[in-house]
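Asker: Generate coordinates for the sequence data below:
(4 chains)
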Protein chains: 2
Amino acid sequence: MEKLHQYFASCGFSADEVEKITGCFISKHFKKGDFFTQEGKTSRYLGFIEKGFLQYYVVIDGEEKTTYSAGENNFVASLVSFLKQIPAKENIRAVVDSDLWLIERSQLKQLQNDIPSFKTFYVELLEWQICCIDESRLDAIMLNAQQRYEKMLDKEPELIQKIPLQYLASILGVTPRHLSRIRNNIR
Amino acid sequence: MEKLHQYFASCGFSADEVEKITGCFISKHFKKGDFFTQEGKTSRYLGFIEKGFLQYYVVIDGEEKTTYSAGENNFVASLVSFLKQIPAKENIRAVVDSDLWLIERSQLKQLQNDIPSFKTFYVELLEWQICCIDESRLDAIMLNAQQRYEKMLDKEPELIQKIPLQYLASILGVTPRHLSRIRNNIR
DNA sequence: TGGATTAATGGACATTTGTCCTGTAACAGC
DNA sequence: GCTGTTACAGGACAAATGTCCATTAATCCA
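Answerer: Next up is the predicted model:
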């Protein structure tokens, strides 16, 4: 069974509701490097990551800086753009081949009208997103680059094999040169 | 008129609703240095900053690291603790004398039941909080310390007079020694 | 499959930022 | 007003991280 179904089933929706909800999503495959969101374009979809990993980044002085990243079983969106329907400030791209489920903002609102408990679910989803962003923010402040690398090694070991190191460096907030030093330290 | 009233009036609530909503808040004065939230304690209140400025921080190896800060007309809470009702990971304290309005989570839920449009308001508040956190996160990544200082100089000039420089340094994510260098550069 | 392109490693050096410290100024309480 | 305490500025040095580059390894695709 797909992770999307599992996810909504585990949120306490009935089988019928899960069908109705997941029916609002369309599936889309993203090849490594494909864009989910591009800077300047307004985000139409909220995505659920069935498989894969996505990186949020901005370009400053021609250099890519990662602002966030998200893996399987999580939702993905340029939140400010999607929520306010304004052009995105950031890019989001798949750093490995990824399978996503997409839903439009209008359908998300429709579900809130059609299924009473969905509004509560949506509030909880927003609260959850806040917690996730918060954790990533605390990590960035409380851990140094090596500790963040070790945390990633621990949480997503297989991912580190798949992502090009230059992306990984950007996700960790350091240069590839410094990531090379960190990897050397650990050995 | 208080900023709290103005805030809810500007959100489109009727005069009666504004009265009912603001009636759920209690006012509390925080002297410079007083704690709004302490690490390890579960946050009971969501606060609205009528006047003042608050700093969120964690202590690592005996050193305070600021994770977020909030000024007038904004809400304040250790969000994860308040939302999930678990012990807070961070401290929040007033860095200048501050006046807050406090509301309990249960009353926040009650208002959502009593005033239909309040649930929508609450969703928008959460969405707004996400946008605020997001902006602070992007600032931390996209700007260097001097640019963050200049942005603060621009946005909150009077605040910089009032906050002890050691706090300001922590808010900017640098040591006091380095803040001294930055101030020197700008002159 | 071979040649061209891209990615990873790590040396040498530069820059940024932190640590430790000292002198001075501001302030609080008696 | 004196005195102990705390806050601020900045020198000297150290550590962390970035820049630039050359070498080697991996990957792509005609």
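
Asker: Please enumerate the strands of chain A.
Answerer: Secondary structure of chain A (DSSP state E): strands at A:26-30, A:35-37, A:45-51, A:53-60, A:63-71, A:75-76, A:91-94, A:98-104.

Asker: so which of the ones you listed gets nearest DNA strand D?
Answerer: Nearest to DNA strand D among these is strand A:63-71; the distance by CB to the nearest atom of the strand comes to 7.4 Å. The C-beta positions use only the backbone N, C-alpha and C, and glycine is treated the same way.

Asker: who in chain A is up against chain B?
Answerer: A:58, A:60, A:65-68, A:79-80, A:83-84, A:89-90, A:119, A:122-123, A:126-127, A:129-131, A:133-138, A:140-142, A:173 (CB under 8 Å from any CB of the partner chain).

Asker: Just the buried residues from those residues, in PyMOL please.
Answerer: Burial among those is assessed by 16 or more other CB atoms under 10 Å in any protein chain shown; the matching PyMOL selection reads:
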select buried, chain A and resi 58+65+66+67+68+79+80+83+89+90+119+122+123+126+127+129+130+133+134+136+137+138+140+141+173
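
Asker: quick one, which of the strands of chain A is packed in tightest?
Answerer: strand A:75-76 (a mean of 23; mean count of other CB atoms under 10 Å in any protein chain shown).

Asker: which residues are in contact with that one?
Answerer: Contacting residues not belonging to strand A:75-76 are listed as A:36, A:46-49, A:54, A:70, A:92, A:100, A:125, A:129 [CB atoms under 8 Å, 6 or more residues apart in numbering or on different chains].

Asker: Spit out the contact partners of the closest residue to DNA strand C within chain A.
Answerer: Nearest to DNA strand C in chain A, going by CB to the nearest atom of the strand, is A:Leu165, at a distance of 3.4 Å. Applying CB under 8 Å, 6+ apart, one finds that A:Leu165 lies in contact with A:176, A:179-180.

Asker: Separate out the buried members of those residues.
Answerer: Neighbour-count burial (16+ other CB under 10 Å) applied to those gives A:Leu179.

Asker: which ones among the contacts of A:Leu165 are found in helices?
Answerer: Counting by DSSP state H, the contacts of A:Leu165 place A:176, A:179-180 in helices.

Asker: Tabulate those residues (a markdown table), appending distance to DNA strand C and pLDDT.
Answerer: Compiled in a markdown table, the ones in helices among the contacts of A:Leu165 are given as follows (distance: CB to the nearest atom of the strand, whole Å; pLDDT from 0 to 100):
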| residue | distance to DNA strand C | pLDDT |
| --- | --- | --- |
| A:Pro176 | 5 | 95 |
| A:Leu179 | 6 | 96 |
| A:Ser180 | 4 | 96 |
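
Asker: measure the residue of chain A closest to DNA strand C to chain B for me?
Answerer: According to CB to the nearest CB, to the nearest Å, A:Leu165 stands 20 Å off from chain B.

Asker: same deal with A:Arg93?
Answerer: 17 Å.

Asker: wouldn't that residue be in contact with A:Asp34 here?
Answerer: Yes - A:Arg93 lies in contact with A:Asp34 (CB atoms under 8 Å); the separation is 6.4 Å.

Asker: tell me how far stretch A:89-106 is from the chain's mean position?
Answerer: Mean-position distance between stretch A:89-106 and its chain equals 8 Å (CA atoms, centre = their mean, to the nearest Å).

Asker: anything in that stretch near DNA strand D?
Answerer: No - judged by CB under 7 Å from any atom of the strand, stretch A:89-106 and DNA strand D are separated, with a smallest distance of 11.2 Å.

Asker: Find the centremost residue of chain A, please.
Answerer: The residue lying closest to the centre of chain A (CA atoms, centre = their mean) is A:Ala70, at 3.1 Å.

Asker: How about that residue, nearest residue that isn't a chain neighbour?
Answerer: Closest residue in space to A:Ala70, ignoring its immediate chain neighbours: A:Val76 at 4.9 Å, by CB to CB, 6 or more residues apart in numbering or on different chains.

Asker: quick one: pLDDT of the one you found?
Answerer: As predicted, A:Val76 sits at a pLDDT of 95.

Asker: so it bridges to which residues?
Answerer: A:Val76 forms beta bridges with A:Gly47, as assigned by DSSP bridges.

Asker: Could you measure from it over to chain B?
Answerer: 14 Å.

Asker: A:Leu159 now?
Answerer: 21 Å.

Asker: What of A:Val59?
Answerer: To chain B, A:Val59 is 10 Å away according to CB to the nearest CB.

Asker: I'd assumed A:Asn91 was in contact with that residue.
Answerer: Yes - using CB under 8 Å, A:Val59 is in contact with A:Asn91, at 7.4 Å.

Asker: Need the overlap of contacts for those two.
Answerer: Listed contacts common to A:Val59 and A:Asn91 are A:Glu39; contacts here mean CB under 8 Å, 6+ apart.
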